[in-house]
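Trainee: Here is a sequence together with a model predicted from it:
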Amino acid sequence: MATTLVAMKVKLRNPDRIVDVSGPKNVAALLAELEIVPEAVLVIRDSTLLTKDEAVSEKDEIEVRPVLSGGAR
């Protein structure tokens, strides 16, 4: 019997792209797999910010956005 693999969709910004990642795992493990520094990004599921300890799974659509800062001149 064939097994269908389901992966979570992870939308990455700068540059924009979507990658498939297997789960379940926590946000810290997801970022490590993608070789992303956790302090440099925000991880979002359904308009909610996630912490590094929160679980994500195959049913989730995750967005990873870089943290941008700016200041007055």
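Mentor: Here it is on my side, so go on.

Trainee: all helices in the protein, in order from the N-terminus.
Mentor: 27-33 (DSSP state H).

Trainee: Can you pull the poorly scored residue ranges out of this structure?
Mentor: 1-5, 71-73 (pLDDT under 70).

Trainee: One more pass at 90, please.
Mentor: Along the chain, the parts satisfying pLDDT under 90 run over 1-7, 14-15, 23, 68-73.

Trainee: so where do the strands sit in it?
Mentor: Along the chain, counting by DSSP state E, strands occupy 8-12, 17-21, 25-26, 41-45, 48-49, 55-56, 61-66.

Trainee: ok, and what's touching the fifth one?
Mentor: Taking CB atoms under 8 Å, 6 or more residues apart in numbering as the criterion, the residues outside strand 48-49 that touch it are Leu42, Val43. In short, each C-beta sits where N, CA and C put it, glycine included.

Trainee: List the neighbouring strands of that strand plus their orientation.
Mentor: With DSSP bridges as the test, strand 48-49 is paired with strand 41-45 (antiparallel).

Trainee: buried stuff in the partner strand?
Mentor: Val41, Val43 (16 or more other CB atoms under 10 Å).
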